[in-house]
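**Q** 3D, please:
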Amino acid sequence: MKRLGTVLHTIDNLLIVRADKTLDTGNLNPNSPAVTKDMKKIGKIKEIFGPVNAPYISIKIFKEIKSSETINLKNERVYLA
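**A** Residues are numbered from 1 along each chain as shown. Now for the predicted structure:
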């Protein structure tokens, strides 16, 4: 389990994550699953964007995840399954 980064924002059905400094973004693939620290699958990586030295990651949230759960993810770390 690799640390992706910290959730900054929730927008509709997306999470915006600030990538961890130790993460090698060259090995990330769209549609890779993202999980919480409890190993609960929350979504899939949609896009990597922003500056190369401090990128952001958008994660498309699965439909079965409730909006109240996504709000609680703010400032939490998410991981690559």
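
**Q** Name the residues that touch the lowest-mean-pLDDT helix or strand in the chain?
**A** Here the helix or strand of the chain ranked lowest by mean pLDDT, DSSP states H and E is helix 67-72, holding a mean of 88. Residues outside helix 67-72 that contact it (Cβ atoms under 8 Å, 6 or more residues apart in numbering) are 10, 15, 42, 61. Using the backbone N, CA and C atoms, a C-beta is placed for each residue, glycine as well.

**Q** So which of these sit within strands?
**A** 10, 15, 42, 61 (DSSP state E).

**Q** What is the burial count for the second one?
**A** Yep, that's residue 15 we're talking about. 26 (other Cβ atoms under 10 Å).

**Q** and the nearest residue to it once chain neighbours are set aside, what does it touch?
**A** Leaving aside its chain neighbours, residue 15 sits nearest to residue 59 (4.3 Å; criterion: Cβ to Cβ, 6 or more residues apart in numbering). Counting by Cβ under 8 Å, 6+ apart, residue 59 touches 14-15, 17, 34, 42-46, 78.
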